[in-house]
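Enquirer: the following block contains a protein sequence and its predicted model.
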Amino acid sequence: MSSQERPRGGGFPIRRGGRRRRGHGVRVVGSLAAVLLGLEAAWPELASAHGISGLASLPVPAWLFAWAAAIVLVVSFVALSTLWSSPRLQERHVRALGRVPAALTPLCGLIGVALFALVVYAGYEGVPYYTANFDPTFIYVIFWVGVPVASVLTGDSFSAFSPWRATARAICWAARRLGVTRTAPLDYPAWLGRWPVVGGLLAFGWLELIYHDHDNPVTLASLALAYFTLMLAGMALFGIEAWTERGDAFGGYFNLLSRLALFEVRDRVLYLRRPLSAIADLELEPGTLALILTIIGVTTFDGASNGVVWNTIGPHVQSVFSGLGLGPTPADELSDSIGLLITLAVVSAFYALGVRGIQSVSRRFPYRRLLAGFAHTLVPIGFAYVLAHYFSLLVWQGQAIGYLASNPLGRNANLFGTAHWHINYNFIDSTAIWYVQVGALVLGHVAGLTLAHDRALGVYRSKLDAVRSQYWMLAVMVTFTCLGLWLLSDVNT
Amino acid sequence: MSRRARVLVVLLVGSLVLASAVASANASMLLYLLPALALAAPLILRRYPGERRLLALIAGRSRPRRGLGARTPSSAPLRTPVPRGGLLIACSLAVRPPPRPPITS
């Protein structure tokens, strides 16, 4: 900010009273400790009811981690405000590292198509037990959890492995060789934006979390085939790349998370980019904010549905539907569906309240513009939620793919000699998982705070407005952090 | 929103959270969410705790550091200009010497 833009009078127009006396901070910390000790005395069972299995070795009650995380965020907020004085992420910063071999993309596509064929084949021909069949573990662990993690580490690698994209590209290549050239008959409608991705993610979340027969391999194979067909139709109508980024639920989701990665491949050139700069560069198409909130909301519901609160409320909602004549399964699915919608509404409300607060700082920008303008700050939080929530699933259940790959149908085959492998639960213990979860949540929210701070510096002329707007984002980040940690703790109760 | 309305919102939200925690027999939720509530409550009341100190810190950092800015004349070493070359000849020949150039650092 230039000196001319500073508030008048050489100082800052602070409405509140005089300078704080020295020693005030000490008294605040002392009071805080007294309150915490009082709470602990009032509810002595809470100290031991941290609810994380195997967390007896934790030095402090688990809820104190939420306090520690909040303190880390507050310190980060102060550090960002004082040390980060100009926008640094609002422009794309990339450095070319080298060319990617031309044969790599077709090779990855071939692997993707082969895995897809295996999923379909194992679904129809394999044993119908989710522990012995390749499909449930591959789809719900490797694909749904592993690919997002890989996308954040390596960039948008899924676009190379995507079986529907690879198939469509192969068809186009063959058609060109035969002299048939055609362009997509329709332009992708701008108003549709990322809404198909939102719909697809909600549908997959519903399938995984709510649908009772979600681990039936035949159901999974049939849905995979239906999705494959839908994707080919979409690409035929709107073009391969246009549809992959916006119409393909998984392609759009993984592409969004891959913006957190340091690497990017464009026109067969590998680039190194400044951390977080690609996410600040996110195109704000219709449905973008809804997509990010859906990622957080679906993961939040996954935690909440296994926790104490929903298990207390859920049966009451279910009994209402049972009273209307529905069977136990539809009533349960319906009540969980309502729970999912409520969770999405709560998550959206947290963000909306934060943005309302930002708007109250300065009336310069309309509410909707601020909603979209700070939406990208939630992307690292979405990934942090995914990683924290599914980390144990990935490191424990993910090992099952070792023996399932050798015996995908569950019929005593041993293709790679690994069929005798088993899951090693000592690979990482519950305490270490808890620390990884806390670390992921804190880092994700610090990244979100950084993005919000950088955006505020670019948006507001006044330093005062920028700082005040970030108080609200800090409140949003602390809320999401505490909520995430409570859910993780609650799940394990 | 008036100040009284904001206070009411804070009290209402706090009561709701407390009631839901007690109703679901899950008081630990309060302990987890307390930092968020503690942070949100003053903001809803339009209070920004610590902003004065924060802005002072920012202002302190953006102030130019000593030694990097323009030097003040008092700190510059004084140097008496010595005529040389053509100026020396002019000075020696002139009845009235040419005007003295300004003192430079």
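Expert: Okay, I see it. These numbers were taken from a predicted model, which means no experiment stands behind them.

Enquirer: endpoint to endpoint, stretch A:357-376 covers what distance?
Expert: One end of stretch A:357-376 sits 17 Å from the other (CA to CA, to the nearest Å).

Enquirer: buried stuff in that stretch?
Expert: Using 16 or more other CB atoms under 10 Å in any protein chain shown as the test for burial, stretch A:357-376 gives A:357-359, A:361-362, A:365, A:370-376. Every residue, glycine included, has its C-beta placed from N, CA and C.

Enquirer: so which of those residues belong to helices?
Expert: A:Gly357, A:Ile358, A:Gln359, A:Val361, A:Leu370, A:Leu371, A:Ala372, A:Gly373 (DSSP state H).

Enquirer: quick check: the farthest pair among those residues?
Expert: A:Val361 and A:Ala372 (17.2 Å; CB to CB).

Enquirer: next one: A:Val436 relative to chain B, how far apart?
Expert: With the distance defined as CB to the nearest CB, to the nearest Å, A:Val436 ends up 18 Å from chain B.

Enquirer: tell me the pLDDT of that residue.
Expert: Listed pLDDT for A:Val436 reads 91.

Enquirer: so it touches A:His389, yeah?
Expert: No. Taking contacts as CB atoms under 8 Å, A:Val436 lies outside contact range of A:His389: 11.4 Å.

Enquirer: and those two? which has more neighbours close in?
Expert: Neighbours were counted for A:Val436 and for A:His389 using other CB atoms under 10 Å in any protein chain shown; A:His389 has more, 22 against 16.

Enquirer: what residues are up against the residue nearest to A:Ser151 when sequence neighbours are not counted?
Expert: Counting by CB to CB, 6 or more residues apart in numbering or on different chains, the nearest residue to A:Ser151 once its immediate chain neighbours are dropped is A:Ser258, at 4.1 Å. By CB atoms under 8 Å, 6 or more residues apart in numbering or on different chains, A:Ser258 lies in contact with A:Ser151, A:Val152, A:Gly155, A:Asp156, A:Ser157, A:Phe158, A:Glu264.

Enquirer: one more time with 6 Å, if that's ok
Expert: By CB atoms under 6 Å, 6 or more residues apart in numbering or on different chains, A:Ser258 lies in contact with A:Ser151, A:Gly155, A:Asp156.

Enquirer: and which of the residues you listed is nearest A:Tyr211?
Expert: Nearest to A:Tyr211 among the contacts of A:Ser258, counting by CB to CB, is A:Ser151 at 25.3 Å.

Enquirer: by mean pLDDT, point me to the weakest helix or strand of chain B.
Expert: In chain B, the helix or strand scored least confidently by mean pLDDT, DSSP states H and E is helix B:3-23, which has a mean of 67.

Enquirer: for the stretch 251-400 of chain A, what lies in contact range of chain B?
Expert: By CB under 6 Å from any CB of the partner chain, the residues of the stretch 251-400 of chain A that approach chain B are A:Val308, A:Val309, A:Thr312, A:Gly357.

Enquirer: quick one, phi/psi of the third one?
Expert: When you say that, I think you mean A:Thr312. Dihedral pair for A:Thr312: phi -90, psi -40, per degrees, to the nearest 10.

Enquirer: what are the ranges of the helices in chain B?
Expert: Counting by DSSP H, chain B has these helices, from start to end: B:3-23, B:28-44, B:51-62, B:86-93.

Enquirer: tell me the most buried of these?
Expert: Across the helices of chain B, averaging neighbours per residue (mean count of other CB atoms under 10 Å in any protein chain shown) puts helix B:28-44 on top, at a mean of 21.

Enquirer: how about low-confidence regions in chain B?
Expert: Scanning chain B for pLDDT under 70 picks out B:1-8, B:12, B:15-26, B:62-82, B:97-98, B:100-105.

Enquirer: quick revisit: now the contacts of A:Ser258 as TSV including neighbour count, secondary structure and distance to A:Ile295?
Expert: As requested, the contacts of A:Ser258 are exported to TSV (neighbours: other CB atoms under 10 Å in any protein chain shown; DSSP: H, G, I helix; E, B strand; the rest coil; distance: CB to CB, whole Å):
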residue	neighbour count	secondary structure	distance to A:Ile295
A:Ser151	23	helix	12
A:Gly155	24	coil	18
A:Asp156	23	coil	16
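
Enquirer: among those residues, which one lies nearest to chain B?
Expert: Distance to chain B across those (CB to the nearest CB) is lowest for A:Ser151, with 29.3 Å.

Enquirer: pretty sure that closest one sits against A:Leu256.
Expert: No. Counting by CB atoms under 6 Å, A:Ser151 sits too far from A:Leu256 to count as a contact (8.7 Å).

Enquirer: residues near A:Gly287, how many?
Expert: By other CB under 10 Å, 20 other residues sit near A:Gly287.

Enquirer: who are the contact partners of it?
Expert: A:Gly193, A:Arg194, A:Trp195, A:Val198.

Enquirer: who are the contact partners of the last one?
Expert: What it means is A:Val198. Taking CB under 6 Å, 6+ apart, we find A:Val198 in contact with A:Gly287, A:Ala290, A:Leu291, A:Thr294.
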